[in-house]
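Visitor: 3D model of this:
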Amino acid sequence: MNTTDILSILCQMPSSILFKCPESASIYASKGFEQDFGISQSDSVGTHSFVFFDPETKDVIPPCNSPFTLAEKGEIVAQHFRLQTGLRTMNCFVESGVITTPAGMWVVLQVKTNVTALFSENKKSSAVSKHIAFNQLLTNFSSKLITASVHELDGIIDQALAAFGVFCDVDRCYLFEFSDDTECMSNTHEWVAAGVTPFIDELQNMPTSSLPFFMTHITDGMFKVDDVATLPDEAAAEKHIFDEERIFSILCVRIMVDDTMYGFIGCDIIGSPYVWNAFDIEYLRRIGEMLGNTLQSLHNRKALQKAQTELLEANKQLERLANIDGLTGIANRRLFDSTLLRDVKRCFEQGEALSLLLIDVDLFKQYNDAYGHVAGDAALQKIADTLTNSCAGNVDLVARYGGEEFAVILPNTRLDELHAIAARIIRNVKFLDIHHQASDYDNKLTVSIGMACLELSSPCKDAALQSSESALSLVQQADRALYRAKASGRNCAKL
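Guide: Numbers count the residues shown, from 1 in each chain. Reported below is the predicted structural model:
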């Protein structure tokens, strides 16, 4: 028996094997291997046509560590690889052996693919085991998705696609999302097997109108093609894209969220046609339903969060409107009263100083009578802005006290600082140059200011009891001081 006879026998083997002579570059495949990997004819091919990948890292196995090299060195190979031929890439378990024939030594690799494994056992028990394994896989990701936050979802989807891709031994697995108007679709998540080119970056904002045949089928729930070559003429656009990506078989199922088509999950086979099994369709559909339920839950959560945020914003707006003077945009009397009570209490608790200014626009009734209420409102707005700009403290509060009266609360402000602030306000109001010809005192609009100051040397234990009475007392002091300022000829500040 010569080399040709041995080669013929090994090539006719129904088992999926690769074999070669030691130190020879030629690798041969059995009929069983050709069937599994979609090779149409037996041929002697170079080693470059068979590429082994690490299924975990997806790195190419270097020639020095390839199964053939290890077997030729006498090492026993028994491990998982991702094997790529000129047509197909598949996960497989490789075991090595060396046989001796009259024509010499042969290194043999038995390549057990997932497909081979499925039919190597009792068909019924194998299918049941596969179904149980998939249910365990689905349960694992379902539990993760139930509690997933928006930020965690992308990572879990990537993990689910990878697990499904490895489990069903496909080349690519992906998730597409439609735009709100379904005019475009984008590849948002993609897993590819070792040796497979990813296309996620190229598949963004694709017009759905460019794939009418696909859209018709996916809208009905599923798009399944065992052999792209058999697509009808009306699917020419789809076939062109599939050919560019070397897709031979494709399976996609839609994902529904809130009774609307959200997108689809899909997988494909590269290099050779593949007849999609019933369990392939069922497994992909269940993954799609799981993602759809999760996305629905997140959609509901987002809607609830949005409603809660809008309610909080509405409440803040109502609170702001309740505390802000509508004309001037500064604090109103309600906010002034609550702020003064709070600041007085803190003054007693921490032994700090607290000052108060009551400000009255001089002869404002005469100004309104002479220039009208529109001009009067504009003057009050300008004075409010000036008061705000004249008080530089971050915790100061400028409020409209009532009518043409304003108030300024100045925490941590002592008497010497208070005089300077009051003088600055008087000067800045006069710099507004608001003409007031009806004034008996001046031809410009001016203000009078009453000052009051609460200065403590140390904290007080009964702060809560004293705060209300002290707040009223501080206002009364400022009000009496304001009266003295008016009696003194206006346009001045008194203590």
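Visitor: Give me the residue ranges of the chain where confidence is low.
Guide: 40-48, 114-132, 137, 145-148, 392, 457-458, 461-467 (pLDDT under 70).
Visitor: okay, which residue is most central for it?
Guide: Residue closest to the mean C-alpha point of the chain, counted by Cα atoms, centre = their mean, is His151 at 5.2 Å.
Visitor: for the protein, what spans make up the helices?
Guide: Per DSSP state H, the chain carries helices over the ranges 3-11, 31-37, 67-72, 114-120, 123-146, 150-168, 212-219, 236-244, 278-323, 333-350, 364-371, 373-390, 415-431, 463-487.
Visitor: From the rest of the structure, what touches the first one?
Guide: Helix 3-11 is touched from outside by 17, 19, 21, 28-31, 42, 101, 103-104, 106, 108, with contacts defined as Cβ atoms under 8 Å, 6 or more residues apart in numbering. Using the backbone N, CA and C atoms, a C-beta is placed for each residue, glycine as well.
Visitor: ok, and the most crowded of these?
Guide: Ala29 (26 neighbours; other Cβ atoms under 10 Å).
Visitor: Correct me if wrong: that one contacts Leu18.
Guide: Yes. Under the criterion of Cβ atoms under 8 Å, Ala29 makes contact with Leu18 at 5.7 Å.
Visitor: Is it possible to get a markdown table of the helices of the chain that adds distance to Ala493?
Guide: Output for the helices of the chain, formatted as a markdown table (distance: least, Cβ to Cβ, whole Å):
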| stretch | distance to Ala493 |
| --- | --- |
| helix 3-11 | 109 |
| helix 31-37 | 96 |
| helix 67-72 | 95 |
| helix 114-120 | 90 |
| helix 123-146 | 66 |
| helix 150-168 | 56 |
| helix 212-219 | 77 |
| helix 236-244 | 80 |
| helix 278-323 | 27 |
| helix 333-350 | 19 |
| helix 364-371 | 17 |
| helix 373-390 | 12 |
| helix 415-431 | 4 |
| helix 463-487 | 6 |
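Visitor: In strands, which of the contacts of helix 3-11 appear?
Guide: Counting by DSSP state E, the part of these found in strands is Ile17, Phe19, Tyr28, Ala29, Thr101, Gly104, Trp106, Val108.
Visitor: With distance to Phe214 added, can I get those residues in a markdown table?
Guide: Putting those into a markdown table (distance: Cβ to Cβ, whole Å) gives the following:
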| residue | distance to Phe214 |
| --- | --- |
| Ile17 | 39 |
| Phe19 | 42 |
| Tyr28 | 40 |
| Ala29 | 35 |
| Thr101 | 53 |
| Gly104 | 54 |
| Trp106 | 48 |
| Val108 | 44 |
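Visitor: what's the most distant pair in those?
Guide: Ala29 and Gly104 (19.0 Å; Cβ to Cβ).
Visitor: Is there a neighbour count for Ser96? I'd like the number.
Guide: For Ser96, using other Cβ under 10 Å, the count is 20.
Visitor: For Glu72, see how far away it is.
Guide: 9 Å (Cβ to Cβ, to the nearest Å).
Visitor: what residues are shared contacts of these two?
Guide: By Cβ under 8 Å, 6+ apart, the residues touching both Ser96 and Glu72 are Val107.
Visitor: Closest one of the contacts of helix 3-11 to Ile409?
Guide: Using Cβ to Cβ, those come closest to Ile409 at Ala29, 89.6 Å.
Visitor: count of neighbours near Leu10?
Guide: Leu10 has 20 nearby residues by other Cβ under 10 Å.
Visitor: Would you check how far apart it and Arg334 are?
Guide: From Leu10 to Arg334 the distance is 95 Å (Cβ to Cβ).
Visitor: Of the contacts of helix 3-11, which pair is most distant in space?
Guide: Lys31 and Gly104, at 22.2 Å, using Cβ to Cβ across the contacts of helix 3-11.
Visitor: Spatially, what comes nearest to Val275 if we skip its sequence neighbours?
Guide: Asp226 (4.9 Å; Cβ to Cβ, 6 or more residues apart in numbering).
Visitor: typo on my end, Phe93
Guide: Lys112 (4.5 Å).
Visitor: Surely that neighbour is in contact with Asn91?
Guide: No. Counting by Cβ under 8 Å, Lys112 does not reach Asn91; the two are 10.0 Å apart.
Visitor: Of those two, which one has the most company?
Guide: Looking at Lys112 and Asn91 with other Cβ under 10 Å, you find the greater number of neighbours at Asn91, namely 23 against 18.
Visitor: Now for the more buried one: which residues touch it?
Guide: Pro55, His80, Phe81, Arg82, Leu83, Thr113, Asn114, Val166, Asp169, Ala193.
Visitor: For it, give the beta-bridge partners.
Guide: Arg82 (DSSP bridges).
Visitor: Could you measure from it over to Ser249?
Guide: 16 Å.
Visitor: tell me the contacts of the residue nearest to Val395 when sequence neighbours are not counted?
Guide: Setting aside the residues directly before and after it, Val395 is nearest to Pro411 in space (Cβ to Cβ, 6+ apart), at 5.0 Å. Shown in contact with Pro411 (Cβ under 8 Å, 6+ apart): Asp343, Arg346, Cys347, Glu352, Ala353, Leu354, Gly393, Val395, Asp396.
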